[in-house]
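> below: sequence and its predicted model.
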Number of protein chains: 2
Amino acid sequence: MGPGPSDVPSRVLEALARPTIGHLDPVFLQALDETQAMLREVFGTANALTLPMSATGSAGMETCFVNLLEPGDHALICRHGVFGGRMAEVARRCGAEVTLVDAPWGQAIDPDDVAKAAKSRAFKVLAIVHAETSTGVLQDLSPFRAIADSCGALLLVDTVTSLAGVPVDVDRMGIDAVYSGTQKCLSCPPGLSPVSFSERARHVLSTRDTPVQSWYLDLNLIGQYFGGERVYHHTAPVNMIFALHEALRLVLEEGLTARYARHRQQAEALRQGLEALGLELPVAPTDRLPPLTLVRIPDGVDDRAVRAKLLADHGLEIGGGLGDFKGKAWRIGLMGASATPRHVELCLGALREALR
Amino acid sequence: MGPGPSDVPSRVLEALARPTIGHLDPVFLQALDETQAMLREVFGTANALTLPMSATGSAGMETCFVNLLEPGDHALICRHGVFGGRMAEVARRCGAEVTLVDAPWGQAIDPDDVAKAAKSRAFKVLAIVHAETSTGVLQDLSPFRAIADSCGALLLVDTVTSLAGVPVDVDRMGIDAVYSGTQKCLSCPPGLSPVSFSERARHVLSTRDTPVQSWYLDLNLIGQYFGGERVYHHTAPVNMIFALHEALRLVLEEGLTARYARHRQQAEALRQGLEALGLELPVAPTDRLPPLTLVRIPDGVDDRAVRAKLLADHGLEIGGGLGDFKGKAWRIGLMGASATPRHVELCLGALREALR
């Protein structure tokens, strides 16, 4: 019950352990096609270029930036936690000039601040984190397509901790490039990063002046394997794809609407229980991210000792704070298969005992 | 029985399907430490910086180049198949100037050619493929440390298809940077790339003028997670690490010497059987790679039809040709758990029937 990995259902573990077959085997290629189709449904997109990158979520971030940015490009990046800061770092390593819009840790980005920064010049990319895993803040994405248009930018969004737990609506929000991870609300082991690129983003990609600086993450090349021609690029992580395939089937069997409601309900129950324990939730109620709740560590409580006790006595992991919240807050995840009443009760009971 | 993935033993699949736990859980961190220790043993190295990268073998290649090369550096790259060519492409994307030494596909690189090229100028890196997966050629590495020294270069070696099937001897060969994959002679599913850097390579890495262009593959950052401080970089692919841990245990239980002998013996049996069927092996006997055998497709035989028949009638996959050998040769793998008499008999029997 940390910030991920979440609990993985046995059906997904069983799929993971299927005999390894070749990455060009027709049985595998069918699973791959179905995985792409299901990812489109969960992302809420018709984008053809929707696929799982063969690495973890952070590589999904890098995939979006390296494919869209060239040296000298300008990127407008919103930063209200670790992952916005990481976006800026990755964009700079692509040779881009970065303009930052900040919000205090634990708060959402103010769209007016972004709109103001977007007036300063044209940008190639406007990037924002939908669900800040370092703070438990959910960002309303609806104002950002218009802001991106105002400065000629592609809209790039991090949905690592929102996909399959909170509506993402890639097409409805006008998102051009999006990435996620498998180990959060999809409840699949870590190791893959689903990404999706709009037609506009694909056009930018196919008309670059310079090659994508990463060969491994070059979607011009990878698209030739996923796109139907099956041109060899790298050996697909076959077993991880089987696991993601099964995880997506579980998501769609439950139904997206029901799944989002479950995440909201369990998060609400957790928050009520935490407040009943006298614990403080630093994020404003309107900005709270259902899959991840930030809890202030009470004065005089030993962060590491409590977390070690939860793990030893209850087999329960919760996350420590990052950045501004290091040593000051815990992060409690209710993601995918971990967003159940049983998890909420376990966590509240264990915390009650540990804080006694 | 293609060029990988090889068959994965049930013990490894069971480890893969262990419940997913956190990437900072002490149980996982112990498995990670043990994985690094076992990788050192299999690589034949004492290098502290020895770890599995969280992506497939091609990302291991990119890891070695992006960490060691900076824009304007010169790289001397040997090319006698797909993977030497890919090295050149990756090095160029790092902004390096590449000097190529070629050998015909199906032959080893002539060290004298490399020594001659090394006289032309200083190089930052000399790179060569130990086991060319596209041709089934095994390269004798012993002359290359001296050649690298003659031009001031780090020695960078691709061992994707040799590690755990053929002696690699990183320290004895004076290799500075090496990468491999999990899905070949380690008989683990694809998804991780073991790498190892010598102290000399680490020094080059830590004294770079520019940041590593890939954030995801930056060993300066990743080393802080693996090195003991456990600084968060990305979420480690927990289940894949469990699988690699078990695969390495199997390798060391068998013993490296016995494992190499098994690969040689089964390859010899396969080759004798193929020649008895009247098939031609294009690679010279001295250059043959035990884990992968190249077979010329006889005139008049339909490549795809035969491979489809093997898969349909026998559940047997063999590899098609790449590059110069596309449509002209098959690649038959005997890697790790797939290097057994049963596999050799299955393959020979199936081919006999399909070619009748």
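Looks like it came in fine. Numbering: from 1, shown residues only, chains lettered A, B, ... in the order given.

> could I get the pLDDT score of the closest residue in space to A:Arg331 that isn't next to it in sequence?
Nearest residue to A:Arg331, sequence neighbours excluded (C-beta to C-beta, 6 or more residues apart in numbering or on different chains): A:Gly319, at 3.7 Å. C-beta coordinates here come from the backbone N, C-alpha and C atoms, glycine included. Reported pLDDT at A:Gly319 in the predicted model: 96.

> let me know whether A:Gly319 touches A:Pro5 as I believe.
No: with contact defined as C-beta atoms under 8 Å, A:Gly319 does not reach A:Pro5; the gap is 11.1 Å.

> looking at the two, which one has more neighbours?
Neighbours were counted for A:Gly319 and for A:Pro5 using other C-beta atoms under 10 Å in any protein chain shown; A:Pro5 has more, 31 against 23.

> contact partners for the more buried one?
By C-beta atoms under 8 Å, 6 or more residues apart in numbering or on different chains, the contact list for A:Pro5 reads A:183-184, A:189-190, B:20-23, B:235, B:238.

> helix, strand, or coil at the closest residue to it other than its chain neighbours?
The spatially closest residue to A:Pro5, leaving aside those adjacent along the chain, is A:Gln183, at 3.8 Å (C-beta to C-beta, 6+ apart). What DSSP: H, G, I helix; E, B strand; the rest coil gives for A:Gln183 is coil.

> and A:Gln183, how far from A:Asn67?
Noted for A:Gln183: a distance of 23 Å to A:Asn67, by C-beta to C-beta, to the nearest Å.

> more crowded one of those two?
Between A:Gln183 and A:Asn67, counting by other C-beta under 10 Å, A:Gln183 is the more crowded of the two (32 against 25).

> on that earlier part again, so the residue nearest to A:Pro5 sits right up against A:Pro3, yeah?
No: applying C-beta under 8 Å, one finds A:Gln183 not in contact with A:Pro3, separated by 9.6 Å.

> of the contacts of A:Pro5, which belong to strands?
Assignment to strands by DSSP state E places none of the contacts of A:Pro5 there.

> can you list the residues of the stretch 251-356 of chain A near chain B?
A:311, A:317, A:322 (C-beta under 8 Å from any C-beta of the partner chain).

> and which of the residues you listed is nearest B:Glu97?
A:Leu322 (40.4 Å; C-beta to C-beta).

> quick one, what contacts the spatially closest residue to the closest one that is not a sequence neighbour?
Nearest residue to A:Leu322, sequence neighbours excluded (C-beta to C-beta, 6+ apart): A:Ser134, at 4.3 Å. Each residue near A:Ser134 by C-beta under 8 Å, 6+ apart is listed here: A:3, A:81-83, A:105, A:322-323, A:325, A:331.

> which positions in the stretch 1-150 of chain A make contact with chain B?
Going by C-beta under 8 Å from any C-beta, the residues of the stretch 1-150 of chain A near chain B are A:2, A:4-8, A:13-14, A:16-26, A:54-59, A:62, A:66, A:86, A:89-90, A:92-94.

> all strands of chain A, in order?
A:49-53, A:74-79, A:97-102, A:125-129, A:131-132, A:137-138, A:154-158, A:177-179, A:193-197, A:292-296, A:329-333.

> most tightly packed of those strands?
Most buried of those, by mean neighbour count (mean count of other C-beta atoms under 10 Å in any protein chain shown): strand A:131-132, with a mean of 31.

> list the residues that contact A:Glu254.
A:Arg262.

> please read the previous query as pertaining to A:Phe197.
Contacts for A:Phe197 (C-beta under 8 Å, 6+ apart) come out as A:47, A:49-50, A:67, A:176-177, A:205, A:219.

> try A:Val160
Per C-beta under 8 Å, 6+ apart, neighbours of A:Val160: A:57, A:60, A:83, A:131, A:133, A:179-181, A:184.

> what's the spacing between the closest residue to A:Ala339 other than its chain neighbours and A:Ala48?
By the measure of C-beta to C-beta, 6+ apart, the closest residue to A:Ala339 outside its immediate chain neighbours is A:Gln266, 4.4 Å from it. Note on A:Gln266: its distance to A:Ala48, by C-beta to C-beta, is 35 Å.

> repeat for A:Asp303
46 Å.

> dump the strands of chain A to JSON lines, plus distance to B:Ala247 and mean pLDDT.
Formatted as JSON lines, the strands of chain A follow (distance: least, C-beta to C-beta, whole Å; pLDDT from 0 to 100):
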{"stretch": "strand A:49-53", "distance to B:Ala247": "23", "mean pLDDT": "98"}
{"stretch": "strand A:74-79", "distance to B:Ala247": "40", "mean pLDDT": "98"}
{"stretch": "strand A:97-102", "distance to B:Ala247": "41", "mean pLDDT": "98"}
{"stretch": "strand A:125-129", "distance to B:Ala247": "36", "mean pLDDT": "98"}
{"stretch": "strand A:131-132", "distance to B:Ala247": "35", "mean pLDDT": "98"}
{"stretch": "strand A:137-138", "distance to B:Ala247": "40", "mean pLDDT": "98"}
{"stretch": "strand A:154-158", "distance to B:Ala247": "33", "mean pLDDT": "98"}
{"stretch": "strand A:177-179", "distance to B:Ala247": "29", "mean pLDDT": "98"}
{"stretch": "strand A:193-197", "distance to B:Ala247": "24", "mean pLDDT": "98"}
{"stretch": "strand A:292-296", "distance to B:Ala247": "34", "mean pLDDT": "98"}
{"stretch": "strand A:329-333", "distance to B:Ala247": "30", "mean pLDDT": "98"}
